[in-house]
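Visitor: any chance you could fold what I've pasted below:
(one chain, ligands or ions: 1)
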Amino acid sequence: MDIHALFLKAAEHAARFREGDRSHRPGRDYAASVAALSEDLPIHAMSQQKVIDEMVWRAEPGLAAMTGPRFHGWVIGGSHPVGVAADMLTSAWGQNAGNHMASPSAAAMELVAGRWLLELLGLPEHASVGFVTGATMANFTCLAAARSAVLEKVGWDVDRQGLFGAPPITVLIGDDAHTTVFSALQFLGLGHDRVVRIPTDEQGRMIVAEFEAAIQNVQGPAIAILQAGQINTGAFDDFTAIIPMAQAKGAWVHIDGAFGLWAQTLPSKRHLAKDVDLADSWATDGHKWLQTPYDCGYAIVRDEAAHRRAMTISASFLPAASEDERDPSHYVPELSRRARGFATWTMIKYLGREGIAELVARSCEAASAIADKLAAEQGVAILNDVCLNQVIVRFGAGLPDEEGDRITEATIAALQASGDAFAGGAKWRGLQVMRISVCNYQTGMEEAQHTTEAIIAAYDQARGHNSV
Ligand SMILES: *Cc1c(COP(=O)(O)O)cnc(C)c1O
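Guide: Numbering: from 1, shown residues only. Below you'll find the predicted structure:
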């Protein structure tokens, strides 16, 4: 078996893919991909190199440049080549990151990368960090710790006894929280509808007076969920006002900061997240602004004991849980797991604090530039304060709502079809909008200009104007 030739082949395919000037639109859609890939179960073995070649030629037509500089859909990081290289090694090394004994380096790198993350993000240095698949599982993990802690205070051990018969927990959450936080509540038996939804302002921030009124009525265990970086507007809840109110009532405060928490790395944006460090837990992503490859997120909890109580997996065949030997599995839902510390460690070491701040600054500047240029076009309105890296755009502004919706949808479709840049859509306050997220290490002012031109061309097409 020629491992060397096999790995080189994979690396060659990988480099060719990343170096090619790829369309931001997949060349083959889902239905065509299913049709092209459907075949009977293979009966015979084939050569190693051929199977990799075949996987590549069969998959590539249905791949888009999601890592490209003008990919502005959802909030998607760029899978930086340096992180990808670390991740290739993570796969090749094949370390199960469950415990420290089996793979000392996997566990130690998580420990060190976790400390670096806390410092970068301005969070308490003794908080514990679990390396999970993304902010969805980070929210889940943190809220499991929250559930454990708030019930322990009233003498109920939810981790042993479950929720049946437990004192009820009040959950307060902003009306514009991310959908995955509601999923996490659902998985934890807290229910995604069994919450107190706090009304929000035009940027999607919780209205402080509404929160204050709601928390006054809370008796017993409570969890308040705040957000750093609303998925459409990039807005932050008012931590300075809200966190002390919640904590005065004994509530656990959790922050969903999948991408917004990274504002903490940039002095000129830190004011947005002021006092975020007062919270009890934080969820954030590696595969967004830190540009690690998929998948990577971090569940950060101030009270390590609550984090461990909610997540520890123990058995006679595993090392005994100890104070000074950190087992990654005690902070995450999984036992067997990818060693995500390697790519995280590598990206932080490679960029450094300064490089990360520059990357965040570049993304924010590019987002502002796109917003400013678009706002200057006739019939285009920017619906949010572009405080960070997210922009929401309305086309056909000033026309009746339905007509504006139609033009906005047509603009998004024309942009996506062009392959020149990619942005998706959403509803904001009942109106169709285009969502633009800048979260890629390659996106700067030049790319912002290119994206803006592509969007204006798409808008012209949608309005039935010929673009020049
Ligand atoms: C992306 C995002 C999530 C979900 O994170 P995943 O990495 O997709 O699991 C949660 N909250 C916010 C604010 C996000 O932007």
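Visitor: what about stretch 187-202, start to end distance?
Guide: Distance across stretch 187-202, first residue to last, is 30 Å (CA to CA, to the nearest Å).
Visitor: who's in contact with it?
Guide: Here stretch 187-202 makes contact (CB atoms under 8 Å, 6 or more residues apart in numbering) with 140, 143-144, 147, 162-163, 169-176, 182-183, 185-186, 206-207, 210-211, 214, 223, 429. The way it works is simple: take the backbone N, C-alpha and C, and place the C-beta from them, glycine included.
Visitor: now residue 434: closest residue in space, sequence neighbours ignored.
Guide: Leaving aside its chain neighbours, residue 434 sits nearest to residue 393 (4.5 Å; criterion: CB to CB, 6 or more residues apart in numbering).
Visitor: list the contacts of residue 332.
Guide: 130, 131, 132, 137, 141, 299, 311.
Visitor: helix, strand, or coil at residue 141?
Guide: With DSSP: H, G, I helix; E, B strand; the rest coil as the basis, the three-state label of residue 141 is helix.
Visitor: residue 271: which of the contacts of residue 332 is nearest?
Guide: residue 299 (25.6 Å; CB to CB).
Visitor: so that closest one sits against residue 142, correct?
Guide: Yes: the criterion here is CB atoms under 8 Å, and residue 299 meets it with residue 142 at 5.1 Å.
Visitor: now the closest residue to the ligand within the stretch 251-400 of the chain. Nearest residue, chain neighbours left out?
Guide: Residue of the stretch 251-400 of the chain nearest the ligand, by CB to the nearest ligand atom: residue 258 (3.2 Å). With CB to CB, 6+ apart as the criterion, residue 258 has its nearest non-adjacent residue at 3.6 Å, and that residue is residue 135.
Visitor: ok, that neighbour - contacts?
Guide: Counting by CB under 8 Å, 6+ apart, residue 135 makes contact with 178, 180, 256, 258, 283, 284, 285, 288, 297.
Visitor: what about the last one, how many residues close to it?
Guide: Going back to what we said before, that points to residue 297. Residue 297: 26 surrounding residues under other CB atoms under 10 Å.
Visitor: near the ligand, which residues of the stretch 51-200 of the chain are found?
Guide: Residues of the stretch 51-200 of the chain lying near the ligand by CB under 6 Å from any ligand atom: 75, 134, 135, 136, 178, 180.
Visitor: most widely separated two among these?
Guide: 75 and 136 (12.6 Å).
Visitor: phi, psi of the residue nearest to residue 258?
Guide: The phi/psi pair for residue 135 (degrees, to the nearest 10) reads phi -70, psi -30.
Visitor: mind listing what's buried in stretch 452-464?
Guide: Within stretch 452-464, the residues scored as buried using 16 or more other CB atoms under 10 Å are 452, 454, 455, 456, 457, 458, 459, 460, 461, 462, 463.
Visitor: relative to the ligand, how far out is the second one?
Guide: For residue 454, the distance to the ligand (CB to the nearest ligand atom, to the nearest Å) stands at 24 Å.
Visitor: pretty sure that residue contacts residue 419?
Guide: No: proximity of residue 454 to residue 419 does not meet the contact threshold set by CB under 8 Å, at 9.2 Å.
Visitor: that older thread, and the buried ones among the contacts of stretch 187-202, selectable in ChimeraX?
Guide: Entered in ChimeraX, the line below selects the buried ones among these, by 16+ other CB under 10 Å:
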select :140,143,144,147,169,170,171,172,173,174,176,182,185,206,207,210,211,214,223
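Visitor: out of the contacts of residue 332, which comes closest to residue 10?
Guide: Using CB to CB, the contacts of residue 332 come closest to residue 10 at residue 131, 24.5 Å.
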